[in-house]
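Q: only geometry, no sequence info:
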């Protein structure tokens, strides 16, 4: 989408999609379709957040789980230990994650390509190991969020998943807004310049470190928000469920599959990848043969080889041909 | 799935709104009663999950068929209280992830209309799955997760049949006291070694607590990462501390690695009291004779058949059906379907409140379970089976042999542990 | 105390040298074609399984199946390069990173499907037991694996510096375009390096199988640690990877002994982060 303004067609399509999404909870029965959509939104948001640092600024982070976990843990710890409202915890989690991002951003701000990828994994692993041993926040036992009355104020709902659905949809729209704001602003322009040529950007007088740091911190803040949502949704978290490498990898896959470096890309990526991985687990996982994961792995290889620009790039190509 | 791939993704968001629709499907209710079984059937814990699955499968076969066994509902076909309705299991794979525990429990309840849930082996997954059943008001009978915290949450729909890690840890100390009193062995110092996920750290906590209560000195308190590439530094610490007895809570990977490293570096305590990993079905085939003399906590051992013929009959059926010996995991998961089905039969209803009421009144006598327990009755407050206890088995000639409680021992315990160098 | 210290240093060297061999395979691939192979740990697993099946089916000790493991993994490496990796080399950088994740998930689960998620050990390897050297216990298979790793690493080093093909590989590593102009078939060099890198990890797998359990998921942490070693040693540097491998062995073992076993891998990652902060190009880069 980039810098250009929205066409009439885009606006009407978006509006139609939003109406469809708003009506979805009324149209489906059972919790699984709702859960699936909530997961799609959650990972779409994570992918959009990753995109700000990965897709636009070229910092391929494989450690987003650290920010996700920090967000989830901050709000849950504040809630269980000090009865802080989770909505306040949400913001606190974002701030803590952004600070952690700054901390890791300093040593990594000059790393490129693979070095950055490995450093991000190393950072996330340190966070995971530390949280796994940190008695104050429950260590390996994790934190169980006490059941409270369901209300928007408590960020907790029992009788229906619809409120979670709408909240997560709202979060996703918010992150899309932030992302398109970043890309259309001067910052987005600089980030792309840095991605294309680190040294050239430096010569042009762009404060490379500053803009990279800003991208990391914004990305971490949004990722942490998603983490708090996760905690309030599942009501239990431990290091193994929020801080592990497969989560980071899935975030990257969502962004890449949809199309890294486009605002809507990760949303499409999540809409394809999550249903496939959930459905193959449900349909094939019980056999215990690993077939569902083989399909998943094959899919990743096929996409990388045949559709490395992501589905969004593919759709745009078709769109251009039609016109 | 077919629909999904065929559908053209013309508009990203449109596809996003539509894709899950093809997933949901209503299932017609027949004259079968469905229960959901949530287990890690793929991923790192797949071999354990499949082991549990075998136990459940055998149990359901016994409930649905006619067997001359002294087990609840065995002699009748199906569930008598519901006119012989058949029990059907809806399998759900968690991949060992807590998030999937919740999602799968919800899926089998809302989509497959199961009337009860069993599983999920890992305590962290059982936590989220049982929170889901609590929210949706469906009974959950667990007989394979051992975290003490599970029954400390005050959940109304959650029942546990099997002993928890607190009970198991306590057993180890009762064994040490018995050993000192009856076998005139002296034990003073302990090394406490535990992997640092939820399971191990909980056990570590309980063991440290009991060590103080029973007056043993802990000379080494070591928590470690369970999928380590190398554990020589941990064993080095143990050798330096030189405890009389090692208490080790591990999963299978680390159990294998530690056993090999103990031998290699010559760590020779007087005894090793271990948990979980050392009794996984994969452990002995991998480690063979090096596993000898290690003592493991257990709820089940094939040699119980000597004192309890039922155990032998069930183990034979198991071996006939699957071609392998019935393991501890399979034996633990085996009991949950009986407890649930028996309660449903008494409730004469599939309505959740009626089943919960019946579960609370459960009173299965000791001769109808395949463990050395006095039976199954739930504590009114925690809903933990009050009769659940563990036994200790020792590996002798590459077989798990019951050695404690001493009165139900199949063989005498070998103590002290023979030094590695003195073995052939 | 002093005894255990010596013992721990010996143990560090034993594991460190195997890490080094695993990492050298990775650094060769990385250096030549700038591809980070996330399936490297799974290649190690396949090497171990190859040794295991040679032992189980043909009664061939891992010591003798080393060439088999090398050959199988070489072919696998060349195949994966030709059919998958080479296809994404011209694509965006992210696809190059992600594709090997796909390979990794695929291979690990294929192993589950083919061989079940059971744990295996080679029951009676030719080399077993321990030597007692004073107070130090030296595991014979570990010692053999370590010596073997050092020898193989040295052989790779001389192959690259002394032979025609080796020099061609180094030339491509230094400057691909210049090498192309010099008439070097870079495509052939790529697939050869991918093959050799994979063969090296296959050999490491054969060594490890003498004393380590064998399981479809065994490669995970080895893979992760070898990334750190490679980045720590410096882009494509064989010497760097070797030194870094030993260093990581020391950090892990001594850190676990003196500090806290639960944090030993966190220390490994921390040492890596601190090093790249000070020297972004790695130790020898």
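A: Arrived safely, thanks for sending. Just so we're clear, the structure is a prediction, and the values are computed from it rather than from any experiment.

Q: so where's chain B shaky on pLDDT?
A: Flagging of chain B using pLDDT under 70 yields the residue ranges B:1-30, B:424.

Q: ok, which stretches of it are helices?
A: Using DSSP state H, the helices of chain B run over B:2-6, B:12-18, B:46-64, B:98-110, B:123-136, B:165-182, B:198-214, B:232-241, B:252-265, B:283-287, B:309-322, B:328-347, B:352-360.

Q: which one of the ones you listed lies closest to residue A:211?
A: Judged by CB to CB, the one of those that comes nearest to residue A:211 is helix B:12-18, at 28.4 Å. Quick note: C-beta positions are derived from backbone N, CA and C, even for glycine.

Q: buried stuff in the lengthiest helix in chain C?
A: Using DSSP H, we find that the single longest helix of chain C is helix C:2-33. Residues of helix C:2-33 classed as buried: C:4, C:7-33 (neighbour count, 16 or more other CB atoms under 10 Å in any protein chain shown).

Q: and what of stretch B:321-334?
A: In terms of neighbour count (16+ other CB under 10 Å), stretch B:321-334 has its buried residues at B:326, B:327, B:328, B:329, B:330, B:331, B:332, B:333, B:334.

Q: same thing with stretch A:29-47?
A: Residues of stretch A:29-47 classed as buried by neighbour count (16+ other CB under 10 Å): A:30-47.

Q: tell me the mean pLDDT for it?
A: On average, the pLDDT along stretch A:29-47 is 91.

Q: picking up where we left off before, now narrow the buried residues of helix C:2-33 to whatever sits close to chain A.
A: On the criterion CB under 8 Å from any CB of the partner chain, residue C:30 are the entries of these that sit beside chain A.

Q: Tell me how far the longest helix of chain C lies from the chain's centre.
A: The chain centroid and the centroid of helix C:2-33 are separated by 9 Å, computed with CA atoms, centre = their mean, to the nearest Å.

Q: Buried residues in the next helix or strand along the chain from it, which are they?
A: Using DSSP states H and E, the helix or strand that follows helix C:2-33 in sequence is helix C:40-58. For helix C:40-58, the buried set under the neighbour-count rule, 16+ other CB under 10 Å, comprises C:40-55.

Q: Quick one: name whatever helix or strand follows helix C:40-58.
A: The helix or strand immediately downstream of helix C:40-58 is helix C:62-80, counting by DSSP H and E.

Q: got a list of contacts for that next one?
A: With contact meaning CB atoms under 8 Å, 6 or more residues apart in numbering or on different chains, helix C:62-80 is reached by C:39, C:43, C:46-47, C:50-51, C:54-55, C:60, C:103, C:122, C:125-127, C:144, C:148, C:191-192, C:194-203, C:205-207, C:209-210.

Q: if we can go back for a sec, tell me which two of the buried residues of helix C:40-58 sit farthest apart.
A: Across those, the longest distance by CB to CB is 23.2 Å; it joins C:40 and C:55.

Q: burial measure for the spatially closest residue to residue C:110 that is not a sequence neighbour, as a count.
A: For residue C:110, ignoring the flanking residues on the chain, the nearest one in space by CB to CB, 6 or more residues apart in numbering or on different chains is residue A:294 at 5.9 Å. The number of residues packed near residue A:294 is 20, by other CB atoms under 10 Å in any protein chain shown.

Q: so what's residue A:294 up against?
A: Taking CB under 8 Å, 6+ apart as the criterion, residue A:294 is in contact with C:105, C:106, C:109, C:110, C:113.

Q: For residue B:150, see how far away it is.
A: From residue A:294 across to residue B:150, the span is 33 Å (CB to CB, to the nearest Å).

Q: Over to residue B:48?
A: In terms of CB to CB, residue B:48 sits 18 Å off from residue B:150.

Q: try residue A:198
A: For residue A:198, the distance to residue B:150 equals 52 Å [CB to CB].

Q: Looking at the two, which is more packed in?
A: Shown here are residue A:198 and residue B:150; by other CB under 10 Å, residue B:150 has more neighbours (23 against 16).

Q: Which residue, other than its chain neighbours, is closest to the residue of the stretch 101-250 of chain B found nearest chain C?
A: When scored by CB to the nearest CB, the stretch 101-250 of chain B has residue B:233 as its residue closest to chain C, at 3.2 Å. Distances taken as CB to CB, 6+ apart put residue C:256 closest to residue B:233, at 3.2 Å, once the chain neighbours are dropped.

Q: I'd like to know how many residues surround the one you found.
A: Other residues near residue C:256 number 31, with proximity taken as other CB under 10 Å.

Q: Count the neighbours of residue A:245 for me.
A: Look at residue A:245: counted by other CB under 10 Å, it has 17 neighbours.

Q: shouldn't it be in contact with residue A:127?
A: No - applying CB atoms under 8 Å as the test, residue A:245 and residue A:127 come out as separate, 11.4 Å apart.

Q: what's residue A:83 sitting at in phi/psi?
A: Backbone torsions of residue A:83, given as degrees, to the nearest 10, read phi 50, psi 40.

Q: Apologies, that question was intended for residue A:49.
A: Backbone torsions for residue A:49, taken as degrees, to the nearest 10, come to phi -70, psi -40.

Q: Report the contact partners of it.
A: Each residue near residue A:49 by CB under 8 Å, 6+ apart is listed here: A:64, A:175, A:179, A:218, A:219, A:220, A:222, A:223, A:226.

Q: Quick check: closest non-adjacent residue to the residue in the stretch 201-350 of chain B that chain A sits nearest to.
A: Going by CB to the nearest CB, chain A is nearest to residue B:201 of the stretch 201-350 of chain B, at 4.7 Å. Excluding its sequence neighbours, the residue lying closest to residue B:201 (CB to CB, 6+ apart) is residue A:140, at 4.7 Å.

Q: Residue C:158 now?
A: Residue C:158's closest residue in space is residue C:166 (CB to CB, 6+ apart), at 7.9 Å.

Q: Am I right that that neighbour is in contact with residue C:172?
A: No - the pair residue C:166 and residue C:172 fails to qualify as a contact (CB under 8 Å) at a distance of 11.0 Å.

Q: Compare neighbour counts for these two and give me the winner.
A: Neighbour count, other CB under 10 Å: between residue C:166 and residue C:172, residue C:172 has more, with 25 against 16.

Q: which residues does that one contact?
A: Residue C:172 makes contact with C:32, C:179, C:184, C:186, C:189, C:190, C:193, according to CB under 8 Å, 6+ apart.

Q: So which of those is surrounded by the most neighbours?
A: Most surrounded of the contacts of residue C:172: other CB under 10 Å gives residue C:193, at 28 neighbours.

Q: Show me the helices in the stretch 101-250 of chain C, by range?
A: With DSSP state H, counting those that start in this stretch as the criterion, the stretch 101-250 of chain C has helices at C:140-162, C:164-174, C:176-181, C:186-209, C:219-233, C:238-254.

Q: mind giving me a markdown table with those helices and columns for mean pLDDT?
A: Listed next are the helices of the stretch 101-250 of chain C as a markdown table, based on pLDDT from 0 to 100:
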| stretch | mean pLDDT |
| --- | --- |
| helix C:140-162 | 94 |
| helix C:164-174 | 89 |
| helix C:176-181 | 85 |
| helix C:186-209 | 95 |
| helix C:219-233 | 91 |
| helix C:238-254 | 94 |
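
Q: And the ones you listed: which comes nearest residue B:116?
A: Of all these, helix C:219-233 sits nearest to residue B:116, with 35.9 Å by CB to CB.

Q: Residue B:188 - how many residues pack around it?
A: Neighbourhood size, residue B:188 [other CB under 10 Å]: 13.

Q: from memory it sits against residue B:217, does it?
A: Yes - using CB under 8 Å, residue B:188 makes contact with residue B:217 at a distance of 6.1 Å.

Q: How about the residue in the stretch 101-250 of chain A that chain B sits nearest to, nearest residue that isn't a chain neighbour?
A: Closest contact between the stretch 101-250 of chain A and chain B, by CB to the nearest CB, is at residue A:241 (4.2 Å). Nearest residue to residue A:241 in three dimensions, chain neighbours excluded: residue B:98, at 4.2 Å (CB to CB, 6+ apart).
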